[in-house]
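**Q** Build the 3D model from these lines:
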Amino acid sequence: MSNQCQECGEKIIGRSDKKFCSDYCRNAYHNKIDPEEKNLIRNTNNRLRKNYRILQSLNRDGKTKVARSKLLEKGFDFEILTSLHTTKVGTVYYFCYDQGYLPIENDFYVLVRRD
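**A** Numbering: from 1, shown residues only. Have a look, this model is predicted:
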């Protein structure tokens, strides 16, 4: 039995249940399915990744203080996060995966890392 790639129509060599001739064709095929939803997810993940890298680069020791202007200068997006943590006294920490921040006085933030 001769299978053809569902994306480009080329003959598939290999397992009998393969649907695509290469990773490129497999990705191209799946990227065509509901591209708006995939773009939303891709863009959100990219923004989360960027925020994470910024927090990680500024918080090498696990806890530090940084100015809001420094975060904005690096392109930090305060609108995107993965979770909130509210302490027993009501203090709200904002997290991007295991990197978090707490707004404090005078436009400064305490950066923390959750263990």
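**Q** And the residue nearest the centre of the chain, its phi and psi?
**A** The structure's the chain has its C-alpha centroid closest to Asn45; by Cα atoms, centre = their mean the separation is 3.0 Å. The phi and psi values for Asn45, taken as degrees, to the nearest 10, are phi -60, psi -40.
**Q** what does Phe95 give?
**A** Dihedral angles (degrees, to the nearest 10) for Phe95: phi -120, psi 150.
**Q** In this structure, what residue spans correspond to strands?
**A** 63-67, 83-86, 92-96, 99-104, 108-113 (DSSP state E).
**Q** closest to Arg49 out of those?
**A** strand 92-96 (9.0 Å; Cβ to Cβ). C-betas here are computed from N, CA, C, even on glycine.
**Q** in the closest one, what counts as buried?
**A** Residues of strand 92-96 classed as buried: 93-96 (neighbour count, 16 or more other Cβ atoms under 10 Å).
**Q** ok, now stretch 12-23?
**A** 12, 20-21.
**Q** Over to stretch 70-87?
**A** In stretch 70-87, counting by 16+ other Cβ under 10 Å, buried: 71, 76, 80-81.
**Q** likewise stretch 95-114?
**A** 95-97, 99-102, 109, 111-113.
**Q** cool, stretch 52-70 as well?
**A** 52, 54-55, 58-59, 66.
**Q** wait, what's in contact with Tyr109?
**A** Residues near Tyr109 by Cβ atoms under 8 Å, 6 or more residues apart in numbering: 65-68, 71, 101-103.
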